[in-house]
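*Asks:* Curious how this folds, go ahead:
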Amino acid sequence: MGDLTFRNQVLLCHLTHRPKHTLNAVIHIADPPVREISELRERDSSVGTLDCLPPELIFKILNSLDARSVACFARSCYRSNIIARSLPSYSDIVKYAPNALLALRKVGLIGTYSVARLHRVLRSEKCARCSAFGAFLYLPRAMRCCYPCLRHNRSFQTLPDAHIKEYFDLSTEDIEHLPTLQPIPGQYNPINIPTPQSRSLMSVRAARKVGIKKHGSLAQMGMSVVTKFRWDNTVLSRILYYQGNLKNSPRVNREPSIFSGLAAVQFPSVSKSGKVEKGLWCKGCEYNFFLYKKRRLPQSALNELLIQNLERFGPEASLGARAHEAMSSKSFFKHIKRCYGARKLASMSCHRIDDQY
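*Replies:* So this is what the prediction gives:
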């Protein structure tokens with residue numbers, strides 16, 4: 001058993017990585033401190049009328065609050081501090097995802113989501129729009145997502161407020177209640193996106209819902225913008241693209257979002273047993289993509305990859321998306337059995353991949 005574990009570690013070391021060009025394409029909090037909930041000195045204290053409530057009801061109330069409110073409650077007195085430290089949802093988020101809390105605070109969304117909602121996402125593993133491992137948190141909607149979906153799926157696309165009003169024919173009053181994100185200054189690879197100056201970003205999906213509600217239907221919302229922009233086919237095409245059906249939005253779309261990276265942050269997955277997964281990227285998938293672009297990937301290997309939507313989007317787009325897709329350690333050991341690139345790299349480094357994985 002020990003030998004098997006060691007072999008697993010060797011394979012993880014040689015065949016996985018965490019690509020900087022992908023991780024730097026989202027909000028990066030440089031080594032945030034893992035902050036425990038501050039412990040106050042023991043003394044007699046009271047939380048007022050809450051003293052009359054059973055702990056289960058107090059927890060239910062606190063779970064409906066955002067992290068900033070729970071933190072203020074924890075600092076109010078000794079008894080409230082004990083209660084907050086005993087709240088699993090809040091203590092887990094503070095322990096395992098301090099970078100996400102800091103990112104939410106910096107973009108102005110810390111008071112938008114309850115600790116219960118964030119904790120449910122922390123306990124999840126899959127992207128909200130596909131079956132892949134979701135290594136990121138999409139901040140405008142507090143949803144877990146994978147990198148290909150973040151870049152290409154319209155459910156995770158984000159636009160400046162001026163574009164939101166134009167594309168969905170909305171007024172300032174119409175969008176005032178939508179979660180609004182203030183971009184953090186910096187450069188966002190892989191295409192070095194400059195941080196928009198004086199721009200507030202909003203979720204396309206959330207704005208689309210508001211637009212449909214205002215205009216009565218998707219068709220009427222479309223007619224409204226067609227009337228305004230009928231002489232500008234370029235703008236009209238872009239608007240109708242964003243208004244399109246998001247339910248059938250594929251993971252690989254024709255227009256990548258240049259703003260979504262400014263609205264996402266790395267986010268771990270924590271199981272009930274306390275196992276933390278941050279996501280692993282397969283070097284073999286990256287090698288497959290490299291070989292394909294060099295026209296050196298065998299056709300038989302390409303056929304065996306069985307990439308989702310390969311026929312619809314073509315091998316290059318699908319191989320590229322797969323190279324940017326993270327996975328859990330458990331999924332990785334299942335994956336390498338059928339990954340041509342992983343098996344090729346393993347043979348080159350004299351590490352055997354057994355069928356038992």
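*Asks:* burial measure for the residue nearest to A263 when sequence neighbours are not counted, as a count.
*Replies:* Distances taken as C-beta to C-beta, 6 or more residues apart in numbering put T158 closest to A263, at 4.5 Å, once the chain neighbours are dropped. All C-beta atoms are positioned from the backbone trio N, CA, C, and that covers glycine. Residues near T158, counting by other C-beta atoms under 10 Å, number 28.
*Asks:* Over to L150?
*Replies:* 29.
*Asks:* that older thread, from R144, how far out is the residue nearest to A263?
*Replies:* T158 sits 16 Å away from R144, going by C-beta to C-beta, to the nearest Å.
*Asks:* With G284 instead?
*Replies:* For G284, the distance to R144 - C-beta to C-beta - is 24 Å.
*Asks:* Next: V265.
*Replies:* Counting by C-beta to C-beta, the gap from V265 to R144 is 11 Å.
*Asks:* what sits in contact with each of the two?
*Replies:* Both V265 and R144 are in contact with 136-137, where contact means C-beta atoms under 8 Å, 6 or more residues apart in numbering.
*Asks:* any idea where the strands of the chain begin and end?
*Replies:* Here the chain has its strands, by DSSP state E, at 16-17, 136-138, 143-145, 158-160, 187-188, 193-194, 201-203, 264-266, 269-270, 276-277, 280-282, 326-327.
*Asks:* Indicate which one of the ones you listed is closest to G244.
*Replies:* Nearest to G244 among the strands of the chain is strand 158-160; the distance by C-beta to C-beta comes to 14.1 Å.
*Asks:* so what secondary structure elements neighbour the closest one?
*Replies:* strand 201-203, helix 204-215 (3 or more C-beta pairs under 8 Å, 6 or more residues apart in numbering; DSSP states H and E).
*Asks:* and it, average pLDDT?
*Replies:* Mean pLDDT, computed over strand 158-160, is 90.
*Asks:* follow-up on the earlier one: quick one: the residue nearest to A263 and L181 touch, right?
*Replies:* Yes: using C-beta atoms under 8 Å, T158 is in contact with L181, at 7.1 Å.
*Asks:* Distance from the chain centre to stretch 274-287, please.
*Replies:* 15 Å (C-alpha atoms, centre = their mean, to the nearest Å).
*Asks:* again, but for stretch 289-299
*Replies:* On C-alpha atoms, centre = their mean, the centre of stretch 289-299 falls 30 Å from the chain's centre.
*Asks:* as a whole number, average confidence for the longest helix seen in the chain?
*Replies:* The single longest helix within the chain, with elements called by DSSP state H, is helix 2-15. Mean pLDDT, computed over helix 2-15, is 73.
*Asks:* Just the buried positions in it, please.
*Replies:* Within helix 2-15, the residues scored as buried using 16 or more other C-beta atoms under 10 Å are 11, 14-15.
*Asks:* pLDDT score for V252?
*Replies:* With respect to pLDDT, V252 scores 49.
*Asks:* Also the one 4 residues further on?
*Replies:* Per-residue confidence at P256 stands at 62 (pLDDT).
*Asks:* swap in S86?
*Replies:* Listed pLDDT for S86 reads 92.
*Asks:* again, but for the one 3 residues further on
*Replies:* According to the predicted model, the pLDDT of S89 comes to 95.
*Asks:* From F133, how far off is it?
*Replies:* 22 Å.
*Asks:* more neighbours, these two?
*Replies:* F133 (25 against 21).
*Asks:* so that one touches E325, yeah?
*Replies:* Yes: in this structure F133 lies within contact range of E325 using C-beta under 8 Å: 7.5 Å.
*Asks:* what touches both of the two?
*Replies:* C146.
*Asks:* from the chain's centre, how far out does stretch 336-346 sit?
*Replies:* Averaging C-alpha positions (C-alpha atoms, centre = their mean) puts stretch 336-346 27 Å from its chain's average.
*Asks:* Buried residues in it, which are they?
*Replies:* Using 16+ other C-beta under 10 Å as the test for burial, stretch 336-346 gives 336, 339-343, 345-346.
*Asks:* measure stretch 262-277 end to end?
*Replies:* Terminal residues of stretch 262-277 are spaced 23 Å apart (C-alpha to C-alpha, to the nearest Å).
*Asks:* Please disregard the earlier target; I meant stretch 320-340.
*Replies:* Span of stretch 320-340 from end to end, C-alpha to C-alpha: 15 Å.
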